[in-house]
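Engineer: The amino acid sequence is not available; the structure is as follows:
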Ligand SMILES: NC(=O)c1ccc[n+]([C@@H]2O[C@H](COP(=O)([O-])OP(=O)(O)OC[C@H]3O[C@@H](n4cnc5c(N)ncnc54)[C@H](O)[C@@H]3O)[C@@H](O)[C@H]2O)c1
Ligand SMILES: [Fe+2]
(Lines give C-alpha, C1' and ligand atoms only; values in the text may rest on other atoms or scores of the structure.)
(Ligands and ions follow the chains in the order given, each with its own letter.)
Protein backbone atom coordinates (compact mmCIF):
# COMPACT_ATOMS: atom_id res chain seq x y z
CA UNK A 1 0.00 0.00 0.00
CA UNK A 2 1.36 3.43 -0.99
CA UNK A 3 1.03 5.87 1.96
CA UNK A 4 -1.34 8.81 1.46
CA UNK A 5 1.43 11.44 1.65
CA UNK A 6 3.32 9.71 -1.15
CA UNK A 7 0.15 9.37 -3.25
CA UNK A 8 -0.42 13.12 -2.87
CA UNK A 9 3.18 13.93 -3.79
CA UNK A 10 3.03 11.70 -6.90
CA UNK A 11 -0.24 13.34 -7.89
CA UNK A 12 1.19 16.87 -7.47
CA UNK A 13 4.21 15.95 -9.62
CA UNK A 14 2.01 14.51 -12.36
CA UNK A 15 -0.12 17.69 -12.37
CA UNK A 16 3.00 19.88 -12.67
CA UNK A 17 4.05 17.90 -15.76
CA UNK A 18 0.55 18.29 -17.22
CA UNK A 19 0.65 22.05 -16.57
CA UNK A 20 3.88 22.26 -18.56
CA UNK A 21 2.22 20.35 -21.40
CA UNK A 22 -0.88 22.63 -21.32
CA UNK A 23 1.35 25.72 -21.30
CA UNK A 24 3.49 24.68 -24.27
CA UNK A 25 1.24 22.49 -26.42
CA UNK A 26 -0.52 24.36 -29.25
CA UNK A 27 -4.30 24.10 -28.79
CA UNK A 28 -5.87 24.89 -32.15
CA UNK A 29 -9.08 26.94 -31.96
CA UNK A 30 -11.92 26.36 -34.41
CA UNK A 31 -12.72 29.14 -36.84
CA UNK A 32 -15.67 30.68 -35.06
CA UNK A 33 -18.89 31.93 -36.61
CA UNK A 34 -21.26 33.50 -34.14
CA UNK A 35 -24.72 35.02 -34.05
CA UNK A 36 -28.24 34.08 -35.13
CA UNK A 37 -28.02 32.52 -38.59
CA UNK A 38 -24.34 31.61 -38.26
CA UNK A 39 -25.23 27.90 -38.63
CA UNK A 40 -26.26 28.69 -42.22
CA UNK A 41 -23.01 30.56 -42.83
CA UNK A 42 -21.21 27.40 -41.77
CA UNK A 43 -23.13 25.52 -44.48
CA UNK A 44 -21.95 28.14 -46.99
CA UNK A 45 -18.39 27.57 -45.81
CA UNK A 46 -18.73 23.81 -46.34
CA UNK A 47 -19.63 24.48 -49.96
CA UNK A 48 -16.73 26.93 -50.38
CA UNK A 49 -14.37 24.31 -48.95
CA UNK A 50 -15.48 21.90 -51.70
CA UNK A 51 -17.17 19.45 -49.36
CA UNK A 52 -18.82 16.82 -51.52
CA UNK A 53 -20.85 14.71 -49.12
CA UNK A 54 -21.17 15.47 -45.43
CA UNK A 55 -22.32 13.17 -42.61
CA UNK A 56 -24.73 15.07 -40.33
CA UNK A 57 -24.34 13.57 -36.86
CA UNK A 58 -27.27 14.38 -34.59
CA UNK A 59 -29.97 12.86 -32.40
CA UNK A 60 -33.40 11.70 -33.51
CA UNK A 61 -35.20 14.18 -31.25
CA UNK A 62 -33.62 17.15 -33.04
CA UNK A 63 -34.59 15.78 -36.45
CA UNK A 64 -38.12 15.20 -35.16
CA UNK A 65 -38.57 18.77 -33.91
CA UNK A 66 -37.25 20.12 -37.22
CA UNK A 67 -34.14 21.80 -35.79
CA UNK A 68 -32.07 20.74 -38.81
CA UNK A 69 -34.58 21.88 -41.43
CA UNK A 70 -32.94 25.19 -42.37
CA UNK A 71 -29.45 23.64 -42.26
CA UNK A 72 -30.48 20.83 -44.63
CA UNK A 73 -32.17 23.27 -46.99
CA UNK A 74 -29.07 25.49 -47.07
CA UNK A 75 -26.73 22.56 -47.77
CA UNK A 76 -28.94 21.49 -50.68
CA UNK A 77 -29.11 25.08 -51.96
CA UNK A 78 -25.30 25.27 -51.93
CA UNK A 79 -24.93 21.90 -53.66
CA UNK A 80 -23.51 19.98 -50.68
CA UNK A 81 -24.84 16.46 -50.52
CA UNK A 82 -25.57 15.12 -47.00
CA UNK A 83 -26.46 11.92 -45.18
CA UNK A 84 -28.01 11.97 -41.71
CA UNK A 85 -26.90 9.74 -38.86
CA UNK A 86 -29.32 10.38 -35.99
CA UNK A 87 -28.57 7.37 -33.82
CA UNK A 88 -26.85 9.39 -31.06
CA UNK A 89 -28.48 9.38 -27.64
CA UNK A 90 -27.52 11.30 -24.47
CA UNK A 91 -24.17 9.90 -23.24
CA UNK A 92 -23.28 8.14 -26.51
CA UNK A 93 -22.06 4.56 -26.39
CA UNK A 94 -19.43 2.70 -28.43
CA UNK A 95 -22.24 0.93 -30.34
CA UNK A 96 -23.91 4.22 -31.32
CA UNK A 97 -20.58 5.62 -32.48
CA UNK A 98 -19.67 2.47 -34.44
CA UNK A 99 -23.08 2.58 -36.16
CA UNK A 100 -22.18 6.13 -37.26
CA UNK A 101 -18.79 4.93 -38.57
CA UNK A 102 -20.61 2.29 -40.65
CA UNK A 103 -22.87 4.94 -42.23
CA UNK A 104 -19.86 7.18 -42.91
CA UNK A 105 -17.99 4.39 -44.71
CA UNK A 106 -21.03 3.06 -46.57
CA UNK A 107 -21.97 6.51 -47.85
CA UNK A 108 -18.42 7.65 -48.66
CA UNK A 109 -18.68 10.98 -46.79
CA UNK A 110 -15.68 13.34 -46.89
CA UNK A 111 -16.57 15.52 -43.86
CA UNK A 112 -18.63 15.42 -40.66
CA UNK A 113 -20.99 18.09 -39.33
CA UNK A 114 -22.25 17.64 -35.78
CA UNK A 115 -25.54 19.38 -35.00
CA UNK A 116 -26.71 18.90 -31.43
CA UNK A 117 -25.69 18.94 -27.82
CA UNK A 118 -22.46 17.59 -26.37
CA UNK A 119 -23.60 14.02 -27.04
CA UNK A 120 -23.88 14.56 -30.81
CA UNK A 121 -20.64 16.56 -31.00
CA UNK A 122 -18.71 14.00 -28.93
CA UNK A 123 -20.02 11.13 -31.06
CA UNK A 124 -19.11 13.05 -34.24
CA UNK A 125 -15.59 13.66 -32.92
CA UNK A 126 -14.95 9.96 -32.38
CA UNK A 127 -16.56 8.98 -35.69
CA UNK A 128 -14.18 11.48 -37.36
CA UNK A 129 -11.24 10.00 -35.45
CA UNK A 130 -12.21 6.40 -36.28
CA UNK A 131 -12.38 7.33 -39.97
CA UNK A 132 -8.63 8.02 -40.11
CA UNK A 133 -7.15 6.14 -37.12
CA UNK A 134 -7.23 2.41 -37.44
CA UNK A 135 -7.82 1.49 -33.80
CA UNK A 136 -10.82 0.55 -31.67
CA UNK A 137 -12.43 3.21 -29.51
CA UNK A 138 -11.25 1.48 -26.32
CA UNK A 139 -7.65 2.10 -27.45
CA UNK A 140 -8.36 5.83 -27.97
CA UNK A 141 -9.34 6.43 -24.34
CA UNK A 142 -6.95 8.62 -22.36
CA UNK A 143 -4.47 11.30 -23.40
CA UNK A 144 -3.04 11.77 -26.91
CA UNK A 145 -3.91 8.35 -28.37
CA UNK A 146 -4.68 9.54 -31.93
CA UNK A 147 -1.85 9.37 -34.44
CA UNK A 148 -3.60 10.96 -37.45
CA UNK A 149 -5.74 14.07 -37.98
CA UNK A 150 -9.46 13.33 -38.05
CA UNK A 151 -11.73 13.66 -41.07
CA UNK A 152 -12.69 17.38 -41.47
CA UNK A 153 -15.02 18.07 -38.56
CA UNK A 154 -17.48 20.94 -38.07
CA UNK A 155 -19.80 21.63 -35.14
CA UNK A 156 -23.05 23.47 -34.52
CA UNK A 157 -23.94 23.21 -30.81
CA UNK A 158 -27.65 23.32 -29.97
CA UNK A 159 -27.15 23.47 -26.19
CA UNK A 160 -25.15 26.11 -24.30
CA UNK A 161 -23.28 23.81 -21.97
CA UNK A 162 -20.52 21.41 -22.86
CA UNK A 163 -18.51 23.64 -25.20
CA UNK A 164 -17.50 20.42 -26.96
CA UNK A 165 -17.19 22.48 -30.17
CA UNK A 166 -13.84 23.81 -28.88
CA UNK A 167 -12.48 21.11 -26.56
CA UNK A 168 -9.93 18.32 -26.85
CA UNK A 169 -12.42 15.93 -25.24
CA UNK A 170 -15.06 13.41 -26.24
CA UNK A 171 -16.87 11.21 -23.73
CA UNK A 172 -17.86 7.60 -24.44
CA UNK A 173 -20.17 5.60 -22.22
CA UNK A 174 -20.23 1.88 -21.67
CA UNK A 175 -23.45 0.97 -19.81
CA UNK A 176 -22.39 -2.68 -19.39
CA UNK A 177 -19.18 -1.66 -17.55
CA UNK A 178 -20.94 1.27 -15.85
CA UNK A 179 -18.15 3.47 -17.16
CA UNK A 180 -17.79 6.79 -18.92
CA UNK A 181 -14.35 7.40 -20.39
CA UNK A 182 -12.77 10.35 -22.14
CA UNK A 183 -10.76 10.52 -25.32
CA UNK A 184 -8.49 13.57 -24.96
CA UNK A 185 -6.55 14.82 -27.95
CA UNK A 186 -6.13 18.26 -29.60
CA UNK A 187 -6.82 16.50 -32.94
CA UNK A 188 -10.47 16.28 -31.82
CA UNK A 189 -10.96 20.06 -31.88
CA UNK A 190 -13.32 20.83 -34.78
CA UNK A 191 -11.97 23.06 -37.56
CA UNK A 192 -15.01 25.34 -37.56
CA UNK A 193 -17.94 25.97 -35.22
CA UNK A 194 -21.05 28.13 -35.37
CA UNK A 195 -22.64 29.49 -32.20
CA UNK A 196 -26.20 30.15 -33.32
CA UNK A 197 -28.47 31.17 -30.43
CA UNK A 198 -31.55 30.92 -32.64
CA UNK A 199 -31.22 27.09 -32.51
CA UNK A 200 -31.46 27.23 -28.71
CA UNK A 201 -34.69 29.16 -28.13
CA UNK A 202 -36.70 25.92 -28.08
CA UNK A 203 -34.51 24.23 -25.45
CA UNK A 204 -36.83 23.04 -22.65
CA UNK A 205 -36.17 24.72 -19.25
CA UNK A 206 -34.81 21.55 -17.59
CA UNK A 207 -32.19 21.11 -20.33
CA UNK A 208 -31.42 24.85 -20.40
CA UNK A 209 -30.77 24.78 -16.64
CA UNK A 210 -28.70 21.59 -16.61
CA UNK A 211 -26.53 22.56 -19.59
CA UNK A 212 -26.06 26.12 -18.30
CA UNK A 213 -24.90 24.77 -14.93
CA UNK A 214 -22.50 22.46 -16.79
CA UNK A 215 -20.94 25.52 -18.42
CA UNK A 216 -20.73 27.26 -15.04
CA UNK A 217 -19.03 24.18 -13.57
CA UNK A 218 -16.44 24.28 -16.38
CA UNK A 219 -15.70 27.92 -15.60
CA UNK A 220 -15.48 27.33 -11.85
CA UNK A 221 -13.42 24.13 -11.93
CA UNK A 222 -10.95 25.51 -14.46
CA UNK A 223 -10.55 28.72 -12.44
CA UNK A 224 -9.90 26.74 -9.25
CA UNK A 225 -7.51 24.33 -10.99
CA UNK A 226 -3.85 24.49 -9.98
CA UNK A 227 -3.15 24.27 -13.72
CA UNK A 228 -5.00 27.50 -14.54
CA UNK A 229 -3.10 29.93 -16.79
CA UNK A 230 -3.67 33.69 -17.34
CA UNK A 231 -5.61 32.95 -20.54
CA UNK A 232 -7.83 30.30 -18.98
CA UNK A 233 -8.49 32.65 -16.04
CA UNK A 234 -9.74 35.39 -18.36
CA UNK A 235 -12.07 33.00 -20.16
CA UNK A 236 -13.34 31.41 -16.92
CA UNK A 237 -14.16 34.78 -15.35
CA UNK A 238 -15.85 36.05 -18.53
CA UNK A 239 -17.95 32.89 -18.69
CA UNK A 240 -18.93 33.20 -15.02
CA UNK A 241 -20.07 36.77 -15.56
CA UNK A 242 -22.08 35.87 -18.67
CA UNK A 243 -23.71 32.82 -17.08
CA UNK A 244 -24.73 34.46 -13.81
CA UNK A 245 -26.29 37.29 -15.83
CA UNK A 246 -27.89 35.36 -18.68
CA UNK A 247 -28.89 31.95 -17.34
CA UNK A 248 -31.65 33.43 -15.13
CA UNK A 249 -32.80 35.42 -18.19
CA UNK A 250 -33.14 32.41 -20.49
CA UNK A 251 -34.86 30.47 -17.70
CA UNK A 252 -37.33 33.36 -17.40
CA UNK A 253 -37.84 33.76 -21.14
CA UNK A 254 -36.53 31.02 -23.42
CA UNK A 255 -37.10 33.23 -26.47
CA UNK A 256 -34.68 35.93 -25.29
CA UNK A 257 -32.36 35.59 -28.26
CA UNK A 258 -29.68 37.99 -27.00
CA UNK A 259 -29.44 36.06 -23.71
CA UNK A 260 -29.38 32.71 -25.60
CA UNK A 261 -26.52 34.01 -27.76
CA UNK A 262 -24.64 35.17 -24.64
CA UNK A 263 -25.08 31.72 -23.09
CA UNK A 264 -23.67 30.10 -26.25
CA UNK A 265 -20.64 32.41 -26.00
CA UNK A 266 -20.32 31.70 -22.26
CA UNK A 267 -20.27 27.93 -22.84
CA UNK A 268 -17.58 28.46 -25.49
CA UNK A 269 -15.42 30.60 -23.15
CA UNK A 270 -15.84 28.17 -20.27
CA UNK A 271 -14.75 25.32 -22.52
CA UNK A 272 -11.73 27.31 -23.77
CA UNK A 273 -10.75 27.56 -20.11
CA UNK A 274 -11.25 23.93 -19.12
CA UNK A 275 -9.81 22.36 -22.25
CA UNK A 276 -6.39 23.64 -21.03
CA UNK A 277 -6.76 24.00 -17.25
CA UNK A 278 -8.91 20.87 -16.77
CA UNK A 279 -11.91 20.33 -14.55
CA UNK A 280 -12.03 18.73 -11.08
CA UNK A 281 -13.85 16.48 -8.63
CA UNK A 282 -17.30 17.76 -9.64
CA UNK A 283 -16.83 16.36 -13.14
CA UNK A 284 -15.07 13.23 -11.92
CA UNK A 285 -18.01 12.40 -9.65
CA UNK A 286 -20.69 13.49 -12.10
CA UNK A 287 -19.25 11.40 -14.96
CA UNK A 288 -19.60 8.37 -12.73
CA UNK A 289 -23.15 9.29 -11.66
CA UNK A 290 -23.85 9.44 -15.41
CA UNK A 291 -22.24 6.04 -15.90
CA UNK A 292 -24.19 4.43 -13.05
CA UNK A 293 -27.59 6.12 -13.37
CA UNK A 294 -27.59 7.99 -16.71
CA UNK A 295 -28.06 11.22 -14.75
CA UNK A 296 -27.85 14.09 -17.26
CA UNK A 297 -24.33 15.48 -17.15
CA UNK A 298 -25.21 19.10 -16.35
CA UNK A 299 -27.72 18.13 -13.70
CA UNK A 300 -25.20 15.86 -11.96
CA UNK A 301 -22.65 18.70 -11.99
CA UNK A 302 -25.16 21.19 -10.60
CA UNK A 303 -26.04 18.87 -7.71
CA UNK A 304 -22.43 18.03 -6.82
CA UNK A 305 -20.89 21.50 -7.33
CA UNK A 306 -21.80 23.15 -3.97
CA UNK A 307 -20.59 20.11 -2.00
CA UNK A 308 -17.20 20.02 -3.73
CA UNK A 309 -16.80 23.79 -3.35
CA UNK A 310 -17.54 23.58 0.40
CA UNK A 311 -14.86 20.90 0.72
CA UNK A 312 -12.32 22.76 -1.45
CA UNK A 313 -12.97 26.21 0.09
CA UNK A 314 -10.17 26.23 2.70
CA UNK A 315 -7.57 25.87 -0.06
CA UNK A 316 -9.03 28.29 -2.63
CA UNK A 317 -10.78 31.14 -0.76
CA UNK A 318 -9.33 34.03 -2.81
CA UNK A 319 -10.13 32.29 -6.10
CA UNK A 320 -13.74 31.65 -5.02
CA UNK A 321 -13.96 35.32 -4.03
CA UNK A 322 -12.76 36.29 -7.54
CA UNK A 323 -15.57 34.21 -9.03
CA UNK A 324 -18.07 36.02 -6.77
CA UNK A 325 -16.71 39.39 -7.94
CA UNK A 326 -16.87 38.33 -11.61
CA UNK A 327 -20.46 37.19 -11.09
CA UNK A 328 -21.51 40.57 -9.69
CA UNK A 329 -21.99 39.26 -6.15
CA UNK A 330 -19.60 41.69 -4.46
CA UNK A 331 -21.52 44.97 -4.67
CA UNK A 332 -21.85 45.09 -0.89
CA UNK A 333 -18.17 44.28 -0.44
CA UNK A 334 -16.99 41.68 2.06
CA UNK A 335 -13.91 39.65 2.91
CA UNK A 336 -12.70 36.84 0.65
CA UNK A 337 -14.24 34.36 3.08
CA UNK A 338 -17.61 36.10 2.96
CA UNK A 339 -17.52 36.32 -0.86
CA UNK A 340 -16.56 32.65 -1.18
CA UNK A 341 -19.57 31.71 0.97
CA UNK A 342 -21.79 34.04 -1.04
CA UNK A 343 -20.69 32.40 -4.30
CA UNK A 344 -21.44 28.88 -3.05
CA UNK A 345 -24.76 30.02 -1.60
CA UNK A 346 -25.65 31.67 -4.91
CA UNK A 347 -25.15 28.35 -6.71
CA UNK A 348 -27.51 26.68 -4.22
CA UNK A 349 -30.05 29.45 -4.79
CA UNK A 350 -29.82 29.12 -8.58
CA UNK A 351 -30.25 25.34 -8.35
CA UNK A 352 -33.35 25.72 -6.18
CA UNK A 353 -34.77 28.40 -8.48
CA UNK A 354 -34.21 26.19 -11.54
CA UNK A 355 -35.77 23.12 -9.88
CA UNK A 356 -32.48 21.24 -9.52
CA UNK A 357 -32.50 19.16 -6.33
CA UNK A 358 -29.65 19.09 -3.81
CA UNK A 359 -29.75 15.29 -3.52
CA UNK A 360 -29.77 12.53 -6.12
CA UNK A 361 -32.73 10.17 -5.80
CA UNK A 362 -31.07 7.47 -7.92
CA UNK A 363 -27.92 7.20 -5.78
CA UNK A 364 -27.66 3.92 -3.87
CA UNK A 365 -25.47 3.65 -0.73
CA UNK A 366 -23.93 0.38 -1.92
CA UNK A 367 -22.67 2.06 -5.12
CA UNK A 368 -20.79 4.85 -3.30
CA UNK A 369 -17.41 3.08 -2.87
CA UNK A 370 -17.31 2.18 -6.59
CA UNK A 371 -18.34 5.67 -7.68
CA UNK A 372 -15.71 7.26 -5.40
CA UNK A 373 -12.98 4.88 -6.62
CA UNK A 374 -13.71 5.58 -10.29
CA UNK A 375 -14.00 9.34 -9.66
CA UNK A 376 -10.62 9.49 -7.90
CA UNK A 377 -8.99 7.42 -10.64
CA UNK A 378 -10.29 9.88 -13.25
CA UNK A 379 -9.49 13.02 -11.25
CA UNK A 380 -6.00 12.04 -10.17
CA UNK A 381 -5.00 11.13 -13.73
CA UNK A 382 -5.68 14.58 -15.21
CA UNK A 383 -7.34 17.19 -12.93
CA UNK A 384 -5.23 19.56 -10.81
CA UNK A 385 -7.72 20.03 -7.98
CA UNK A 386 -7.10 22.65 -5.28
CA UNK A 387 -7.74 20.28 -2.36
CA UNK A 388 -6.97 16.56 -2.48
CA UNK A 389 -9.49 13.85 -1.53
CA UNK A 390 -8.73 10.28 -0.54
CA UNK A 391 -11.11 7.32 -0.90
CA UNK A 392 -12.88 7.75 2.44
CA UNK A 393 -13.10 11.55 1.99
CA UNK A 394 -14.63 11.11 -1.44
CA UNK A 395 -17.12 8.53 -0.14
CA UNK A 396 -18.13 10.96 2.62
CA UNK A 397 -18.61 13.73 0.07
CA UNK A 398 -20.71 11.56 -2.27
CA UNK A 399 -22.76 10.32 0.69
CA UNK A 400 -23.90 13.90 1.25
CA UNK A 401 -25.97 13.76 -1.93
CA UNK A 402 -27.84 10.61 -0.91
CA UNK A 403 -31.55 11.38 -0.84
CA UNK A 404 -31.96 8.69 1.81
CA UNK A 405 -28.97 8.06 4.03
CA UNK A 406 -30.59 5.31 6.08
CA UNK A 407 -30.98 7.58 9.08
CA UNK A 408 -33.57 9.90 7.59
CA UNK A 409 -36.20 7.63 6.04
CA UNK A 410 -38.65 9.31 3.74
CA UNK A 411 -36.41 12.32 3.10
CA UNK A 412 -38.17 14.46 0.53
CA UNK A 413 -36.37 16.74 -1.92
CA UNK A 414 -36.50 20.51 -1.37
CA UNK A 415 -39.17 22.11 -3.49
CA UNK A 416 -40.69 18.68 -4.15
CA UNK A 417 -38.63 18.25 -7.32
CA UNK A 418 -37.25 14.89 -8.28
CA UNK A 419 -34.72 14.07 -10.94
CA UNK A 420 -37.61 12.35 -12.72
CA UNK A 421 -39.55 15.64 -12.91
CA UNK A 422 -36.56 17.38 -14.35
CA UNK A 423 -35.96 14.68 -16.92
CA UNK A 424 -39.44 15.18 -18.34
CA UNK A 425 -39.04 15.56 -22.10
CA UNK A 426 -35.30 14.92 -22.12
CA UNK A 427 -35.10 11.67 -23.98
N1 LIG B 1 -16.52 16.98 -25.07
C2 LIG B 1 -16.58 17.79 -24.05
O3 LIG B 1 -15.74 18.66 -23.89
C4 LIG B 1 -17.71 17.64 -23.08
C5 LIG B 1 -17.81 18.55 -22.01
C6 LIG B 1 -18.87 18.39 -21.12
C7 LIG B 1 -19.79 17.36 -21.33
N8 LIG B 1 -19.65 16.49 -22.36
C9 LIG B 1 -20.60 15.40 -22.61
O10 LIG B 1 -21.68 15.90 -23.41
C11 LIG B 1 -22.86 15.14 -23.09
C12 LIG B 1 -23.98 16.06 -22.67
O13 LIG B 1 -24.28 16.99 -23.68
P14 LIG B 1 -25.45 18.06 -23.49
O15 LIG B 1 -25.55 18.41 -22.06
O16 LIG B 1 -25.23 19.13 -24.46
O17 LIG B 1 -26.77 17.25 -23.81
P18 LIG B 1 -27.16 16.17 -24.94
O19 LIG B 1 -26.41 16.40 -26.18
O20 LIG B 1 -27.05 14.81 -24.31
O21 LIG B 1 -28.68 16.54 -25.18
C22 LIG B 1 -29.62 16.44 -24.11
C23 LIG B 1 -31.03 16.48 -24.67
O24 LIG B 1 -31.29 17.77 -25.18
C25 LIG B 1 -31.93 17.70 -26.44
N26 LIG B 1 -31.61 18.93 -27.17
C27 LIG B 1 -30.38 19.36 -27.55
N28 LIG B 1 -30.48 20.55 -28.16
C29 LIG B 1 -31.79 20.87 -28.19
C30 LIG B 1 -32.52 22.00 -28.68
N31 LIG B 1 -31.91 23.05 -29.23
N32 LIG B 1 -33.86 22.01 -28.54
C33 LIG B 1 -34.50 20.98 -27.93
N34 LIG B 1 -33.86 19.89 -27.43
C35 LIG B 1 -32.52 19.85 -27.56
C36 LIG B 1 -31.36 16.43 -27.06
O37 LIG B 1 -32.24 15.91 -28.04
C38 LIG B 1 -31.25 15.52 -25.84
O39 LIG B 1 -32.46 14.82 -25.63
C40 LIG B 1 -22.48 14.19 -21.96
O41 LIG B 1 -22.17 12.92 -22.46
C42 LIG B 1 -21.25 14.86 -21.37
O43 LIG B 1 -20.41 13.98 -20.67
C44 LIG B 1 -18.64 16.64 -23.24
FE1 LIG C 1 -19.09 19.24 -18.30
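Structural biologist: It's in. Note that the structure is predicted; figures quoted are calculated from it, not measured. Ligands and ions are numbered 1, 2, ... in the order given.
Engineer: can you pull the contacts of residue 270?
Structural biologist: Residues near residue 270 by CB atoms under 8 Å, 6 or more residues apart in numbering: 163, 215, 216, 218, 219, 222, 235, 236, 239, 243. For glycine as for every other residue, the C-beta is placed from the backbone atoms N, C-alpha and C.
Engineer: quick one: average confidence on the helix or strand harbouring it?
Structural biologist: Counting by DSSP states H and E, the element that carries residue 270 is helix 257-277. Averaged over helix 257-277, pLDDT sits at 97.
Engineer: gap between that helix and the chain center?
Structural biologist: Distance of helix 257-277 from the chain centroid (CA atoms, centre = their mean, to the nearest Å) equals 11 Å.
Engineer: Quick check: next helix or strand after it?
Structural biologist: According to DSSP H and E, the helix or strand after helix 257-277 is helix 281-293.
Engineer: For whichever residue of the stretch 201-350 of the chain sits closest to ligand 1, give me its contacts.
Structural biologist: For the stretch 201-350 of the chain, the residue closest to ligand 1 is residue 297, as judged by CB to the nearest ligand atom, at 3.8 Å. Counting by CB under 8 Å, 6+ apart, residue 297 touches 91, 118, 161, 162, 210, 214, 286, 287, 290.
Engineer: If we check ligand 1, which of the residues you listed are in contact?
Structural biologist: 91, 118, 161, 162, 214 (CB under 6 Å from any ligand atom).
Engineer: hang on, the first one packs against residue 170?
Structural biologist: Same thing as residue 91. No - Residue 91 is not in contact with residue 170 according to CB atoms under 8 Å; the separation is 11.7 Å.
Engineer: of the two, who's got more company?
Structural biologist: When residue 91 is set against residue 170 and neighbours are counted by other CB atoms under 10 Å, the residue ahead is residue 170, at 27 against 24.
Engineer: Quick check: the more buried one is in a helix.
Structural biologist: No - Residue 170: not assigned to a helix; according to DSSP: H, G, I helix; E, B strand; the rest coil it is strand.
Engineer: do you know how far it is from residue 131?
Structural biologist: Distance of residue 170 to residue 131, computed by CB to CB, to the nearest Å: 14 Å.
Engineer: For the two, list the residues in contact with both.
Structural biologist: With contacts defined as CB under 8 Å, 6+ apart, no residue is shared by residue 170 and residue 131.
Engineer: can you confirm residue 180 is in a strand?
Structural biologist: Yes - counting by three-state DSSP, residue 180 falls inside a strand.
Engineer: what bridges to it?
Structural biologist: residue 173 (DSSP bridges).
Engineer: burial of the closest residue to residue 35 other than its chain neighbours, as a residue count?
Structural biologist: Setting aside the residues directly before and after it, residue 35 is nearest to residue 261 in space (CB to CB, 6 or more residues apart in numbering), at 6.6 Å. Residues lying near residue 261 (other CB under 10 Å) number 22.
Engineer: Likewise for residue 338?
Structural biologist: Neighbours of residue 338 using other CB under 10 Å come to 15.
Engineer: Could you check how far it is from residue 320?
Structural biologist: Using CB to CB, one gets 11 Å for the distance from residue 338 to residue 320.
Engineer: Residue 365 touches residue 399, doesn't it?
Structural biologist: Yes - the criterion here is CB under 8 Å, and residue 365 meets it with residue 399 at 7.5 Å.
Engineer: Assumed residue 183 was part of a strand.
Structural biologist: Yes - the assignment for residue 183, made by three-state DSSP, places it in a strand.
Engineer: Give the buried residues for whatever helix or strand residue 250 lives in.
Structural biologist: Under the criterion of DSSP H and E, residue 250 resides in helix 230-252. Neighbour counts using 16 or more other CB atoms under 10 Å place 232-233, 235-244, 246-247, 250-251 of helix 230-252 among the buried residues.
Engineer: Other residues contacting it?
Structural biologist: For helix 230-252, contacts defined as CB under 8 Å, 6+ apart pick out 205, 208-209, 212-213, 215-216, 218-220, 222-223, 225, 228, 256, 259-260, 262-263, 265-267, 269-270, 272-274, 276-277, 322-323, 326-329, 346, 350, 353-354.
Engineer: Mind checking if that helix is in reach of ligand 1?
Structural biologist: No - Helix 230-252 stays clear of ligand 1 (CB under 6 Å from any ligand atom), getting no nearer than 11.8 Å.
Engineer: For that helix, give the mean pLDDT please.
Structural biologist: 98.
Engineer: quick one: that helix to helix 257-277, angle?
Structural biologist: Taking axes from the mean of the first three to the mean of the last three CA atoms, to 10 degrees, one finds helix 230-252 and helix 257-277 inclined to each other by 150 degrees.
Engineer: now helix 230-252, how far from the centre of its chain.
Structural biologist: Counting by CA atoms, centre = their mean, helix 230-252 is centred 15 Å from the centre of its parent chain.
Engineer: Repeat that for stretch 349-359.
Structural biologist: Centroid displacement of stretch 349-359 relative to its chain, using CA atoms, centre = their mean, is 19 Å.
Engineer: One more: stretch 157-166?
Structural biologist: Here stretch 157-166 shows a centroid-to-chain-centroid distance of 7 Å under the convention CA atoms, centre = their mean.
Engineer: what's the span of it from first residue to last?
Structural biologist: Stretch 157-166 has an end-to-end distance of 10 Å (CA to CA, to the nearest Å).
Engineer: What residues of that stretch count as buried?
Structural biologist: For stretch 157-166, the neighbour count (16+ other CB under 10 Å) marks 157, 158, 159, 160, 161, 162, 163, 164, 165, 166 as buried.
Engineer: Give me the secondary structure label for the fourth one.
Structural biologist: Reducing the assignment at residue 160 to three states with three-state DSSP gives coil.
Engineer: Return the residues in contact with the closest residue to it other than its chain neighbours.
Structural biologist: Take residue 160 and drop its neighbours on the chain: the residue closest to it by CB to CB, 6+ apart is residue 263, 3.7 Å away. Contacts were defined as CB under 8 Å, 6+ apart; by that measure residue 263 touches 160, 197, 200, 212, 215, 242, 243, 246, 247, 250.
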